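Chemist: return atomic coordinates for the entry below.
(2 chains)
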Amino acid sequence: MAPSIAVENLNPKVLKCEYAVRGEIVIHAQRLQQQLQNQPGSLPFDELCRPPFLFLPSQILYCNIGNPQSLGQQPVTFFREVLALCDHPCLLEKEETKSLFSADAISRAKQILATIPGRATGAYSHSQGIKGLRDAIAAGISTRDGFPANADDIFITDGASPGVHMMMQLLIRNEKDGILCPIPQYPLYSASIALHGGALVPYYLDEKTGWGLEISDLKKQLEDARSKGIDVRALVVINPGNPTGQVLAEDNQCDIVKFCKNEGLILLADEVYQENIYVDNKKFNSFKKIARSMGYGEDDLPLVSFQSVSKGYYGECGKRGGYMEITGFSAPVREQIYKVASVNLCSNITGQILASLVMNPPKVGDESYASYKAEKDGILQSLARRAKALEDAFNNLEGISCNKAEGAMYLFPQIRLPQKAIEAAKAANKAPDAFYALRLLESTGIVVVPGSGFGQVPGTWHIRCTILPQEEKIPAVITRFKAFHEAFMAEYRD
Amino acid sequence: MARKPLDYEELNENVKKVQYAVRGELYLRASELQKEGKKIIFTNVGNPHALGQKPLTFPRQVVALCQAPFLLDDPNVGLIFPADAIARAKHYLAMAPGGLGAYSDSRGIPGVRKEVADFIQKRDGYPSDPELIYLTDGASKGVMQILNTIIRNERDGILVPVPQYPLYSAAISLFGGALVPYYLEEEANWGLDFVNIRQSVAEARSKGITVRAMVIINPGNPTGQCLSEATIKELLQFCYHENLVLLADEVYQQNIYQDERPFISARKVLFDMGPPLSREVQLVSFHTVSKGYWGECGQRGGYFEMTNLPPKTVDEIYKVASIALSPNVPGQIFMGLMVNPPKPGDISYLKFAAERLSIPPLKLLTVKSILESLRKRAHMMTDGFNSCRNVVCNFTEGAMYSFPQIRLPPRAIEAAKRAGKAPDVFYCLKLLEATGISTVPGSGFGQKEGVFHLRTTILPAEEDFPAIMSSFKNFNDSFMQQYEGYSRM
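Modeler: Numbers count the residues shown, from 1 in each chain, chains lettered A, B, ... in the order given. Below is the predicted model:
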């Protein structure tokens, strides 16, 4: 008897969606890692990670995913102190705790626990997240932007991704509902749109102008889609960009806001990299701040801002903390969003607490401020140096051009693959950039994601590589990459 | 004026169809009243810690150490953490490169999945493969993932018990499938009626529905019944013959309040039956850290285990899991600790067992465990409801809820209609306003036409029970007095 649940009769939307960040190349890397564990030395590359790391070193270097702490980045001490105390509040009653934890971590933990009914961190909370924590987040947003924020507009979620899914679910009714997405994009968007059965309407970022966004192109794509009968409902903007790393200029942002207003689109602003800025001539402005500065009030423009605890200088991916701030939505619609959130009851409490800490970190005068600031600056400055070092290294290689990473955590170099390589890829039944990435993995152990996973102008090839390996490893990474690339080009050069 | 994308009319219809009464109208009204200063007893959701149950110490110690590994380097750490908690924290940190702050494998940390597999093996006596166990942010996310994988369109039907925990109806609505109800028999202690099940399937098929899966909740929610081995066998035979995948929600497996029907997993029964069923019937089993005697709802820790699913299907499920990157790592550690708790001989064992037994460690003679206490509360609540006018209540054999039937007089039903409310919603709102007791109307779970219930939990503290039941009785009896107009005594 045919099994009830087989690939042939699965939800076709599941079959259609793709997510390259943990796709084919990564699965292959995990197999190689297993092989290395069983037969050390069986592959051509040495360990790129050596002690004195506390945790088991990986011989495969995962540069495919923005997962800083897996590559040795240390968490912010103050945040972990507060979380540990909230996880085990009994500690607050012990004298010895004062010698193990900083005083302001102790008082922040007490303050947070006071906002949790019964101090019960093990209980389901309000489905939007604990009110006191949302107040702290709203205060943080307000301080950041200079415009008020409301705790009722905030939905704390298990990472930013569930918030994105909720919005796609709300907006996509059928395959004629379209969402404008940047190409290249973080493939959560394409995957989510596919899962919800909608249409992805691409707008191309311009590699030649540092991945700039042209409103004229946006308009053209929109009209094109409409002429095909697509009802375009929202515009996704990722700022700072992923994989592209550009930070939008203010006037660009104003144009985008105006565009959304004129065309009746919801602005979905993925702002998870807001604290990862590496250039002095740009700064992060939230779209809400821009909209309010332009004079658009609450009711003028539906806008969703996504933030996460996974990025920035805190890099707490494993906690699954994040929120979406929704403004400009009518009460009946907000009820629907609340209803969908309530089916999952609530997001994890640790992640909620962390979201409130990230948006409300130690301030000047706090006991932990100096060490917190040192940790934060250390991480961000190191990220900036690594971004530059890798960017320069890529640009020095034959046939590779790499735009600057102004922000986020990635480089997205373009690789001009020789015709022979493209043909070899075809013969191996792989996209050319996947072929390149696979060869890179097998020769060096470095795992990147092929550009086709993010979208790119047809006929161009890219890879996305994170800037996250520890700084002392970067020279070795560059050396190995260079050696591989030169050998590859020697093999396939026209 | 042109339609805007987020006008209510322009929303996804499937979203609009979703109902989730557990945090619906009654809960929102209760929250309003609470803000106005009224004392509310929230019995709408299985949330033990919110009603005073204390977290177990050992897991909190371990996770706190994992959160702040710098503590492990401090020479004084042994003063406030026992040695086995320290060792266990190191054990989990070694499994999780990058610690709590890194995305793990999208399926969950392999070492924790191995602990889950070992637990299942010990429980059932059959080996379990960690590769087929996926950790999730709570069991609910796992249920959603699996249903989303199965449901292709509005003609795909899922058999769901009525009454059911409304996650299932909500998820089916969201994914655009068809809910095929099978009614549990209230007069037979909420037992399964296979005649009714077959009828439901036949009816659905005659409407062009392809029935793909069957949900069982064992122990039941809201109904609390524990399935016998014979019933589970019959269920598996049924699924085999009708080509259905069985979705076994077993999150309350630790909450058993009678001795006649201990918990037995669907997987164990399946393997006991041997081939061909054991090799062919597709099964997904769900579990959580939110229930049992742990009650760690806020951690969002859960897993599902797949049995007899083809590898390509598993690949697709993995693919969707990877889009969410990974389940939260602290929740994963809670799951590891739950399936692999302190053992006799461990330093923390005495304290852990005592907490589980809900008594000071040195007073082991008076046995009054969390589970014992829940059993007692289950009895108190059932008896309390049965002593009320027009209220009939089956015993809560397991899980955390009581689901009494309220026989509403015709005049009450008319009053409800005039107020624009479903009769049980009307009753529950009045109960809330009179007593502060926040329940969920039975319509939120499904019930037979014209039969009304409410769901409450058995979780309020034992010492609060007499007052709560007396408050309920006073309200109920005067409500019945009001709408019946005469006393039957």
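Chemist: now do the longest helix along chain A: which elements does it pack against?
Modeler: Longest helix of chain A, by residue count under DSSP state H: helix A:369-395. Packed against helix A:369-395 by the contact rule (3 or more CB pairs under 8 Å, 6 or more residues apart in numbering or on different chains; DSSP states H and E) you find helix A:77-87, strand A:400-401, strand A:410-411, helix A:474-492. Where C-beta positions appear, they are placed from N, C-alpha and C, glycine not excepted.
Chemist: ok, now with 6 Å
Modeler: helix A:474-492 (3 or more CB pairs under 6 Å, 6 or more residues apart in numbering or on different chains; DSSP states H and E).
Chemist: which strands or helices does the helix it packs on pack on?
Modeler: Applying 3+ CB pairs under 6 Å, 6+ apart, one finds that helix A:474-492 makes contact with helix A:369-395, helix A:432-444.
Chemist: identify, out of those, the most deeply packed stretch.
Modeler: The highest mean neighbour count among the helices and strands packed on helix A:474-492, using mean count of other CB atoms under 10 Å in any protein chain shown, belongs to helix A:432-444: a mean of 23.
Chemist: what's in contact with that helix?
Modeler: A:25, A:29, A:45, A:417, A:422, A:425, A:428, A:446-448, A:450-452, A:461, A:463, A:480, A:484 (CB atoms under 6 Å, 6 or more residues apart in numbering or on different chains).
Chemist: next SSE downstream of it?
Modeler: Next along the chain after helix A:432-444, taking DSSP states H and E as the criterion, comes strand A:446-447.
Chemist: now do the strands in chain A.
Modeler: Using DSSP state E, the strands of chain A run over A:61-62, A:154-157, A:177-183, A:199-204, A:231-238, A:266-270, A:303-308, A:322-327, A:400-401, A:410-411, A:414-415, A:446-447, A:449-450, A:463-466.
Chemist: what lines up beside the longest one in the sheet?
Modeler: Using DSSP bridges, the neighbouring strands of strand A:231-238 in the sheet come out as strand A:177-183 (parallel), strand A:266-270 (parallel).
Chemist: returning to what we had before: so for residue A:457, which of the strands of chain A sits nearest?
Modeler: Among the strands of chain A, strand A:199-204 comes nearest to residue A:457, with 6.3 Å by CB to CB.
Chemist: so the closest one versus strand A:231-238, what angle?
Modeler: On the basis of axes from the mean of the first three to the mean of the last three CA atoms, to 10 degrees, strand A:199-204 is oriented at 50 degrees to strand A:231-238.
Chemist: buried sites along strand A:199-204?
Modeler: Across strand A:199-204, burial judged by 16 or more other CB atoms under 10 Å in any protein chain shown covers A:199-204.
Chemist: contacts for that strand, please.
Modeler: Contact with strand A:199-204 is made by A:175, A:178, A:180-181, A:183, A:190, A:193, A:217-218, A:221, A:225, A:230, A:232, as judged by CB under 6 Å, 6+ apart.
Chemist: where's the residue most central in space within chain A relative to chain B, distance?
Modeler: Central residue of chain A (CA atoms, centre = their mean): residue A:272, 5.9 Å from the mean position. Relative to chain B, residue A:272 is positioned 12 Å away (CB to the nearest CB, to the nearest Å).
Chemist: so for the residue lying closest to that residue once chain neighbours are set aside, what's the pLDDT?
Modeler: Spatially, and ignoring its direct neighbours in sequence, residue A:272 is nearest to residue A:308 (4.2 Å; CB to CB, 6 or more residues apart in numbering or on different chains). pLDDT recorded at residue A:308 is 98.
Chemist: pretty sure residue A:308 contacts residue A:271?
Modeler: No. Residue A:308 lies out of contact with residue A:271 (CB atoms under 6 Å); the separation is 9.0 Å.
Chemist: would you map the helices across the stretch 51-200 of chain A?
Modeler: A:77-87, A:97-100, A:103-115, A:131-145, A:161-171, A:188-195 (DSSP state H, counting those that start in this stretch).
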